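Visitor: Return a 3D structure for these sequence lines:
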Amino acid sequence: MRGAGVLFAYEAEDIKPGWVALVLVLGLAVATFLLWRSMNKQLRRINVPTKQEIQDAEAAERHDGGDTAQRPDDEPDAAEEGPPG
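Guide: This is a model prediction of the structure:
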C-alpha cells in the first residue's frame, strides 16, 4: 500500500497552471463577450410599448366599443392551419 502513496505524492512547487488553462480561460472570456454582445443586440430589437401607447390603445378600444369583428373560437384561422400532411 505504501507504493500507491508514493506514486500519488507530489510537491506543491511542481504544480503549475500551464498554457492549456490559459487558453481555456481566454476562450471562455471571448465566448462570454460574444454572447453578451449578441444578447444586447437581441434586446435592442424588442419593441416594448410605452405606458402612454398602452393607455392610448385602451382608450381607442373603449371608444370603438371593443373588437366586434372577433370570430368564434371553433373557426380556426387560415394562417394558423399548417400545411396538409
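Visitor: contacts, neighbours, all on C-alpha from now
Guide: Noted.
Visitor: all helices for the chain, in order.
Guide: Taking DSSP state H, the helices of the chain run over residues 2-7, 18-45, 51-64.
Visitor: Pipe those into a markdown table and attach mean neighbour count and mean pLDDT per row.
Guide: A markdown table is the format used below for these (neighbours: other C-alpha atoms under 10 Å; pLDDT from 0 to 100):
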| stretch | mean neighbour count | mean pLDDT |
| --- | --- | --- |
| helix 2-7 | 8 | 62 |
| helix 18-45 | 11 | 96 |
| helix 51-64 | 11 | 91 |
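Visitor: Can you report how many residues lie near residue 48?
Guide: 9 (other C-alpha atoms under 10 Å).
Visitor: Quick check on it: phi, psi?
Guide: Per-residue torsions, residue 48: phi -90, psi 130 (degrees, to the nearest 10).
Visitor: Would you check how far apart it and residue 63 are?
Guide: Applying C-alpha to C-alpha, to the nearest Å, the value for residue 48 to residue 63 is 23 Å.
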